[in-house]
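Visitor: quick one, structure for this:
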Amino acid sequence: MSTQHGDPGHGDSPAAWTAVVVMLIGIAAGTVFFFLDMPVLVWACVGVVVVGALLGWILSKAGYGVNGPKFTPPAHD
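Guide: Have a look, this model is predicted:
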């Protein structure tokens, strides 16, 4: 069951995907380092998560966000 809302998608853009992938890698690695009791690397992964959020914002401002001029949303059937 699909509902057409007319919006281009909630964050379905290169900027959003890049941010989410980088942050997921940071969270996954941070979890492993937390389990292995390596606090310095846990904090490094916190930095990776912050960098992922900043990267998404920068790419959005560069035009790769949902309403950016460099992004063409995929056609939904």
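
Visitor: so who does L41 touch?
Guide: For L41, the contacting residues are A29, G30, F33, by Cβ atoms under 8 Å, 6 or more residues apart in numbering. Every residue, glycine included, has its C-beta placed from N, CA and C.

Visitor: narrow these to those in strands?
Guide: Counting by DSSP state E, none of the members of the contacts of L41 fall within strands.

Visitor: low pLDDT regions in this structure?
Guide: Across the chain, the stretches falling below the confidence threshold (pLDDT under 70) are 1-11, 73-77.

Visitor: let's see 50
Guide: For the chain, applying pLDDT under 50 flags the ranges 1.

Visitor: so where do the helices sit in it?
Guide: Secondary structure of the chain (DSSP state H): helices at 14-35, 39-59.

Visitor: need those helices in a markdown table (columns: distance to G65).
Guide: Conversion of the helices of the chain to a markdown table gives the following (distance: least, Cβ to Cβ, whole Å):
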| stretch | distance to G65 |
| --- | --- |
| helix 14-35 | 5 |
| helix 39-59 | 7 |
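
Visitor: for these, which one sits closest to N67?
Guide: Ranking the helices of the chain by proximity to N67 (Cβ to Cβ) places helix 14-35 first, at 10.5 Å.

Visitor: which residues touch that closest one?
Guide: Counting by Cβ under 8 Å, 6+ apart, the neighbours of helix 14-35 from elsewhere in the structure are 39, 41-42, 44-49, 51-53, 55-57, 59-60, 62, 64-66, 68, 71.

Visitor: among these, which ones are buried?
Guide: Among the contacts of helix 14-35, those classed as buried by 16 or more other Cβ atoms under 10 Å are 42, 45, 49, 52, 55-56, 59-60, 64-66, 68, 71.
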